[in-house]
Each structure stands twice: as C-alpha cells, then as structure tokens.
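Novice: need coordinates for the following:
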Amino acid sequence: MAQFGTPERFEPRKPAPLVFSNVRLIDPSTGRDEIGGLIEIDGRIADVGRHVGPGNAPDGAEIVDGRGQVLAPGLVDMRVFIGEPGYEHRETIASASRAAAAGGVTTMVCMPDTDPVIDDIALVDFVQRLARDTAIVKVRPMAALTQGLRGTEMTEIGLLLDAGALAFTNGRQAVTSARVMRRALTYARDFDALVVHLPADPDLVGEGVMNEGEAATRLGLLGIPAEAETIMLSRDLALAALADARYHAAQLSAAGSIPLIREAKARGHRITAGVAVANLSLNENDVGSYRTFFKLSPPLRSEDDRQALIEALADGTIDTIVSSHDPQDVETKRHPFSEAADGAIGLETLLAAALRLHHSGEVPLMRLIDALSTRPARLLGIEAGSLSPGAVADLVLFDPDAPWVVDPESLSSRSKNTPFEGARLQGRVIRTVVAGRTVYDYDSP
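Specialist: Here you go, the predicted model:
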C-alpha cells in the first residue's frame with residue numbers, strides 16, 4: 001500500500017541524504033535526457049548525471065534503485081480549485097495535497113474561488129499558514145484579480161504580491177468589463193505580476209452546457225460556441241498588448257484560439273497559454289452518456305479541436321498543462337447534465353493522462369515534463385522545475401509504462417468526480433519528493 005508523508009514545514013534539512021540510481025533523468029531546464037543518478041542532501045540536489053550511483057553515495061544515504069524509471073522535476077500545477085476555506089466538504093488543503101503527492105505534483109497553486117474569496121492579504125496569509133500546517137506538498141495561492149471575483153473593482157495587487165500571492169486571476173469567472181481588465185493589466189504590469197484569465201464570454205456561454213455542434217444537437221443539450229472563447233481571448237490579447245502586461249490564458253479549448261496566441265507571441269507580446277489535461281485527452285463524444293463528470297468549463301470540444309491543442313502543445317504555442325482540479329460532490333454533480341455543476345478532479349491523474357500523448361507519439365516526453373513542471377515554475381517565478389545541482393529537491397519518480405485502472409474510491413481527493421473513472425491509464429507515480437522529503441511512496445508496504 002502506498003504511503004504518504006506527514007505535514008511539516010519544507011525547510012532545507014533532512015537527516016539522511018537520498019540517492020537515486022539507475023534512473024532516466026529528464027530535465028527540460030537543461031535538456032538532460034540520460035540514464036544516471038541524483039544525490040539529494042539537505043533538501044537540495046547535490047549532484048546529478050551519468051556518473052552518480054551507489055558507488056559515490058554519501059555515508060548513511062538512502063539508495064533508491066530506479067530500475068530505469070523516469071526521474072523528473074516535481075510537477076507544478078498552476079490551476080487547482082481546493083475549496084478551503086468554505087467548501088471543506090468537497091476538498092481540504094490536506095486532502096488535495098495527498099492527491100497531489102500521489103500524482104507527482106510537488107507544488108499546487110490554489111485558485112481564489114473560496115468562501116470568503118482570497119482577495120485580501122489576511123486570506124493569502126491564512127492559506128499559506130494552513131498549508132504549512134496540513135499539506136504534504138507546497139501550496140501557493142493565486143489572489144483574486146477583482147474584489148469578490150465580481151469583475152468590477154480590482155484588488156490591491158502590490159500588497160497581495162508582498163503577502164505571497166503568486167499571480168492574479170478571476171478563477172472560474174471572466175472579467176467582462178474591458179475597462180476593468182485594462183486597468184488591472186496596467187496595474188499588474190507595474191509590479192511585473194502575471195494575470196491569469198479564463199477567456200470565456202459569459203453572454204455567449206449563456207445557458208450552454210457542452211460544445212456547440214452536432215453532438216450537442218443530437219443529445220438535446222444547449223451548446224457553447226467556440227467564439228465564446230476566441231472573442232474574449234482576442235479582447236484580452238489586445239488589452240495585454242496595450243498595457244504591455246504579462247498575460248496567461250488559463251485554459252484553451254478551441255482550435256481557433258491557437259493562431260491568436262501564435263500571432264501575439266510572434267509580435268513579441270508577453271503572452272502564454274495553458275490547457276487542461278482533460279481537453280487534451282477527451283472530446284465532446286465522451287459526453288454521450290450524459291455523464292456529468294464530463295461537464296467541464298471550458299467544455300470538451302470536437303476531436304479537431306483536441307488535435308489542434310495537442311499540436312500547439314507539441315510546438316510550444318501552448319505553454320503549460322494543468323489539472324484544473326475542481327472537486328464537486330454528489331449535491332452538485334448528481335443532477336441532469338444541464339443542471340450539474342462544472343468541474344472534475346484531476347491532481348492524481350494529471351501525469352498519467354498527459355502520458356497518453358507520449359505513448360501515442362504526439363508529444364515528446366521532454367515537452368510534456370516542460371509543460372507540467374519547468375515552464376509553469378518559470379512563469380510563476382518559483383524555485384522548481386529543475387534537476388540542476390543546487391536546485392531544490394522537488395522530484396517525481398515514475399514508471400511511464402506501468403498500467404493501472406482509475407478507481408475513484410482509491411483516489412485521495414474527498415470528491416470523486418473524475419472523468420477518467422474506469423479509464424485504463426499507463427504511467428504510475430512511484431515516489432514524490434518535496435524539498436528532499438519523501439511525501440509519497442507507492443512501493444511502501
């Protein structure tokens with residue numbers, strides 16, 4: 001039975017060094033892809049490379065024979081809806097951190113969609129203190145871009161940054177006012193702060209519940225046109241260029257969004273984009289049984305959209321992959337499809353679902369780890385995403401070929417609303433290490 005660590009502060013200390021030998025080292029920060037080993041001492045990487053093995057392990061070190069499995073930087077998931085404070089019955093920071101550890105996620109960035117909303121420095125501090133006391137992985141908050149997520153008045157970006165907020169987002173809600181969005185982007189630019197926004201025009205989304213098209217018509221469900229995303233994205237990109245601000249499209253779902261991002265990047269604007277792993281792995285046809293676990297925001301779209309997203313991920317147009325972990329319980333999901341809440345859990349299946357693209361030959365493993373770890377760490381300005389000597393030892397050891405079947409009841413999240421229920425996935429996390437401390441060990445009895 002897999003074992004989890006215990007909550008404690010992630011300070012750079014550990015009694016015994018940790019040595020991984022005979023592993024495939026994948027490090028997008030340096031381009032390293034080779035068989036070798038890694039030595040961790042006092043929470044940091046002391047040495048790494050082909051020459052590292054049991055023969056040069058420090059005295060008293062714990063030696064882990066990787067048996068050719070992949071050792072990579074721990075994943076950084078920059079879009080996690082937890083629920084605490086306010087919705088602890090769906091998920092707590094503690095339960096989400098256990099799910100993250102089991103999924104190889106060493107840093108999860110929580111969204112401000114809580115009750116109360118994370119829109120002042122006291123709540124940023126509360127989340128960080130609670131995480132230090134209860135979480136087994138690193139938890140960092142994004143703060144609300146607008147007060148109460150209402151989209152009418154921006155928050156105190158400078159003060160929230162000083163308090164520890166990594167970036168600013170309106171979470172599940174879009175800022176519909178172009179004036180408010182421009183002011184927020186301009187103000188954020190002065191602090192070099194990252195604005196993360198979900199491009200989804202609520203008026204065009206309307207009462208839609210899935211992708212607009214033949215599948216929605218056949219199922220008798222109201223559709224959400226791709227233009228709900230592309231029109232809002234076009235506006236955001238124009239405002240970001242006007243403000244010369246750092247802008248990240250939180251989740252793309254439509255093929256029409258890809259050329260907009262490419263053009264903005266080609267013009268030298270500070271634009272990045274993310275995609276949820278569900279939109280890379282699933283499409284609108286999965287909704288066929290009216291299964292509410294497939295009701296997501298943005299919605300699962302056509303197979304053509306999915307293929308366009310995969311190509312954009314492979315070529316770097318899309319920068320990051322997120323779980324968009326959004327726990328919902330039976331009170332919000334056990335309804336007719338059109339009445340159920342959006343969202344699915346995803347921390348524990350993030351890596352394995354993304355590995356589908358590696359096994360299919362569509363996205364190289366190096367690019368996947370870059371999108372799951374190195375690039376989000378760089379965007380957020382945090383110390384993570386690297387196997388370089390001196391870097392913090394946030395690590396994931398995984399077997400990319402190990403098969404398993406997703407059983408919701410075995411997942412660590414409090415809520416069980418996974419769209420991968422019963423799915424046969426290939427790729428198992430073996431060990432997760434945070435600042436040199438093992439927080440998850442699949443092989444432990």
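Novice: tell me where the stretch 151-300 of the chain has helices.
Specialist: Listed in chain order, the helices of the stretch 151-300 of the chain (DSSP state H, counting those that start in this stretch) span 157-163, 178-190, 202-205, 214-219, 227-243, 257-266, 277-281.
Novice: okay, the ones you listed in a markdown table with distance to Pro327 and mean neighbour count next?
Specialist: (Each C-beta comes from the backbone N, C-alpha and C, glycine too.) As requested, the helices of the stretch 151-300 of the chain are exported to a markdown table (distance: least, C-beta to C-beta, whole Å; neighbours: other C-beta atoms under 10 Å):
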| stretch | distance to Pro327 | mean neighbour count |
| --- | --- | --- |
| helix 157-163 | 25 | 18 |
| helix 178-190 | 28 | 19 |
| helix 202-205 | 22 | 15 |
| helix 214-219 | 25 | 15 |
| helix 227-243 | 24 | 21 |
| helix 257-266 | 27 | 18 |
| helix 277-281 | 14 | 25 |
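Novice: and these: which comes nearest Val52?
Specialist: For these, proximity to Val52 was assessed by C-beta to C-beta; helix 277-281 is nearest, at 31.6 Å.
Novice: can you redo the helices of the stretch 151-300 of the chain as TSV with mean pLDDT and distance to Gly86?
Specialist: As requested, the helices of the stretch 151-300 of the chain are exported to TSV (pLDDT from 0 to 100; distance: least, C-beta to C-beta, whole Å):
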stretch	mean pLDDT	distance to Gly86
helix 157-163	97	19
helix 178-190	98	24
helix 202-205	97	22
helix 214-219	96	32
helix 227-243	98	27
helix 257-266	98	32
helix 277-281	98	24
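Novice: which stretch among the ones you listed comes nearest Glu362?
Specialist: Of the helices of the stretch 151-300 of the chain, nearest to Glu362 by C-beta to C-beta is helix 277-281, at 9.1 Å.
Novice: what does that closest one rub up against?
Specialist: If you take C-beta atoms under 8 Å, 6 or more residues apart in numbering as the criterion, helix 277-281 is touched by 251-253, 296, 298, 300-301, 305-306, 309-310, 313, 321-324, 344, 346, 349-350, 353-354, 356-357, 419-420.
Novice: let's see which of those end up in strands.
Specialist: In strands, defined here by DSSP state E, the members of those are Ile321, Val322.
Novice: help me confirm that Thr272 comes into contact with Gly316.
Specialist: No. Contact between Thr272 and Gly316 fails when scored by C-beta atoms under 8 Å: they sit 10.1 Å apart.
Novice: on that earlier part again, I'd like to know which of the helices of the stretch 151-300 of the chain lies nearest to Pro400.
Specialist: Of the helices of the stretch 151-300 of the chain, nearest to Pro400 by C-beta to C-beta is helix 277-281, at 15.4 Å.
Novice: any idea how far the closest one is from the chain center?
Specialist: How far helix 277-281 lies from its chain's middle: 12 Å, per C-alpha atoms, centre = their mean, to the nearest Å.
Novice: contact partners for the closest residue to Arg270 other than its chain neighbours?
Specialist: Leaving aside its sequence neighbours, Arg270 sits nearest to Arg246 (C-beta to C-beta, 6 or more residues apart in numbering; 4.6 Å). Contacts for Arg246 (C-beta under 8 Å, 6+ apart) come out as Ala188, Arg189, Asp192, Ala193, Leu194, Val195, Ala240, Arg270, Thr272.
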